[in-house]
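[1] sequence and predicted structure are below.
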Amino acid sequence: MESDDDIPTLIDSGEGPATSSSEAPQEPRRIPCTIISGFLGAGKSTLLKRILTEKHGYRIAVIINEFGDSAWYAAKAINVTSPDDPAVQSEEVLELANGCLCCSIKDAGIAAIEKLMQRKGAFDYIVLETTGLADPGPIASIFWQNEEYSAGLSKEIILDGVVCVVDAVFGRTQMEEDHSIDGIGESLRQIACSDVVLLNKVDLVQSQNDLFETEDMIHRVNPSAPVYRTAHANINISRIININAYRVADHIRTAALSDGSAKANANLGHGVVPQPRHYELRGISSLQMTIPPLSFEKLARLEKWIQRVLWDKELPKEDSNPNVHPVQILRCKGLLVMETGKEYILQGVQTMYEISEVSEQDVHGLPSAGKLVLIGKGLDEVARSSLMSVLM
Ligand SMILES: Nc1nc2c(ncn2[C@@H]2O[C@H](COP(=O)(O)OP(=O)(O)OP(=O)(O)O)[C@@H](O)[C@H]2O)c(=O)[nH]1
């Protein structure tokens, strides 16, 4: 670490940053950021390498935090590279001294990224690889657009999505047996916070049944994240980069609810509220449901319920349920369809949430059903009926 104030600095390689092809002033544009999380040894670096060598047209700044031999998080490096343009292969290395990113990002980590942003123009995409032990939730919330929480970073960076790499060989055991953080298995936290899951190393698994069972477990913990099977992280990059997971309704619209909900959806729009399902594994629980078209009054009630659960971490008290019922949300996602045909996306990370209207060109056809997925703690039968009562 070079600086006195513990703020990491970029070490200039001497070759200078790439310049924009056009000198014309450009609209300020937020840089998308993809977070790669995943189980130890699952293939995160392999995925990163693949991203950096694929042809995708982005000049990518990479932030890595390594788990060093001495059990210290040793160094994080930022490289600016573009496989499409050898001229920008110049490497700019940023060495950070202390702490894993999830611990230090609120201080030196943020400063590092702010310094990186002073070089904007040199890159147009950020990929951040976390260690296999990191909880991506707090990291993701740094980039959340709520400026109060993101120390202004969200003015310049937009979270594109969180990709979790799961080991197809050991993933199930890891989910069942790893350490827990605050009562939740750490690998399950990573799945909870992800927008896309890669089930990697499928070449090493003989039994299709084993793969199905691991996939099933992932789906139950996070019903809204698509799971792709990969060997050596070989994936069509467009499935993980620039997916706009927090903005695009299609992600949620096409996310399968785990019981083949097409049939259930067919009955919606007639005031039928299907039974939500919930699932619990090692402290984490998920609750998912399809939601019939809402009136604005119901939307307001649902939002109030969400606020109560996210901010107060308990269910609203009711006559039928006067006791305190603690809940915690790690991630929530929803597509809320209105009776008028308008659609809204709900996105939430930790205690932050946003409900934004889907632009008209992204609303396809007649509204059918909305979807809501909550992942966290305490999302049990009581939570289920509390949510149902809001929608009745
Ligand atoms: N057979 C096989 N080996 C793989 C695959 N993906 C990665 N590997 C190998 O598995 C080892 C671990 O891969 P990494 O990409 O370093 O995993 P990681 O998640 O970055 O590891 P940590 O940072 O230690 O958590 C390396 O030797 C890879 O070459 C795969 O799909 N199949």
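    On my side now, so go ahead.
[2] check contacts around P316.
    By C-beta atoms under 8 Å, 6 or more residues apart in numbering, the residues touching P316 are 304-305, 308, 386. Where you see a C-beta, it was placed from the backbone N, CA and C, and this is true even at glycine.
[3] switch to 7 Å and redo it
    Under the criterion of C-beta atoms under 7 Å, 6 or more residues apart in numbering, the contact list for P316 reads 305, 308, 386.
[4] so the last one touches E314, yeah?
    No. Under the contact definition of C-beta atoms under 7 Å, S386 does not touch E314, with a separation of 10.0 Å.
[5] the more surrounded of these two?
    Looking at S386 and E314 with other C-beta atoms under 10 Å, you find the greater number of neighbours at S386, namely 21 against 16.
[6] against D167, how distant is A140?
    Distance from A140 to D167, counting by C-beta to C-beta, to the nearest Å: 21 Å.
[7] likewise I157?
    29 Å.
[8] count of neighbours near V382?
    Close neighbours of V382, defined as other C-beta under 10 Å, add up to 16.
[9] list the contacts of K44.
    With contacts defined as C-beta under 7 Å, 6+ apart, K44 is in contact with 36, 38, 129, 165.
[10] repeat that for 8 Å
    For K44, the contacting residues are 36-38, 129-130, 132, 165, by C-beta under 8 Å, 6+ apart.
[11] helices - which of the contacts of P316 land there?
    305, 386 (DSSP state H).
[12] which of the contacts of P316 are close to the ligand?
    Restricting the contacts of P316 to those adjacent to the ligand (criterion: C-beta under 6 Å from any ligand atom) removes every one of them.
[13] from the contacts of P316, which single one is nearest L336?
    Ranked by distance to L336 (C-beta to C-beta), the contacts of P316 are led by W305 at 12.4 Å.
[14] the closest one and E318: what is the separation?
    Plainly put, W305 is 11 Å away from E318 if you go by C-beta to C-beta.
[15] quick one, strands of the stretch 101-250 of the chain?
    Under the criterion DSSP state E, counting those that start in this stretch, strands of the stretch 101-250 of the chain are mapped to 125-129, 157-167, 180-181, 184-185, 196-200, 227-230.
[16] dump these into CSV; add mean neighbour count as well.
    As requested, the strands of the stretch 101-250 of the chain are arranged in CSV below (neighbours: other C-beta atoms under 10 Å):
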stretch, mean neighbour count
strand 125-129, 25
strand 157-167, 27
strand 180-181, 14
strand 184-185, 21
strand 196-200, 26
strand 227-230, 20
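[17] tell me which of these sits nearest to the ligand.
    strand 196-200 (4.8 Å; C-beta to the nearest ligand atom).
[18] which parts of this protein sit against the ligand?
    When proximity is defined by C-beta under 6 Å from any ligand atom, the chain lies next to the ligand at 38, 40-46, 132, 200-201, 203-204, 231-233.
[19] pull the most distant pair out of those.
    Spatially, the most separated pair among the residues of the chain next to the ligand is G132 and D203, at 20.1 Å (C-beta to C-beta).
[20] so for the two, which sits in the more crowded spot?
    Relative neighbour count places G132 above the other of G132 and D203, with 20 against 12, counting by other C-beta under 10 Å.
[21] any idea of the pLDDT on that one?
    G132 is assigned a pLDDT of 58 by the prediction.
[22] picking up where we left off before, who has more neighbours, W305 and E318?
    Per other C-beta under 10 Å, whichever of W305 and E318 has more neighbours is W305, with 17 against 13.
[23] low-confidence ranges in the stretch 51-200 of the chain?
    Counting by pLDDT under 70, the stretch 51-200 of the chain has low-confidence residues at 64-112, 114-115, 119-120, 122, 131-134, 144-154, 181.
[24] might one say that V337 is in contact with T290?
    No. Using C-beta atoms under 8 Å, V337 and T290 do not qualify as a contacting pair, with a distance of 9.8 Å.
[25] what's across from Y353 in the sheet?
    Beta bridges link Y353 to G348, judged by DSSP bridges.
[26] wait, doesn't it sit right on R308?
    No. The pair formed by Y353 and R308 falls short of the contact definition of C-beta under 8 Å, at 11.7 Å.
[27] which strand or helix spans S37?
    Applying DSSP states H and E as the criterion places S37 in strand 31-38.
[28] direction included, what does that strand pair up with?
    Sheet pairing for strand 31-38, assigned by DSSP bridges, gives strand 125-129 (parallel), strand 157-167 (parallel).
[29] in the chain, where's the longest helix?
    Taking DSSP H as the assignment, the helix of the chain that covers the most residues is helix 208-221.
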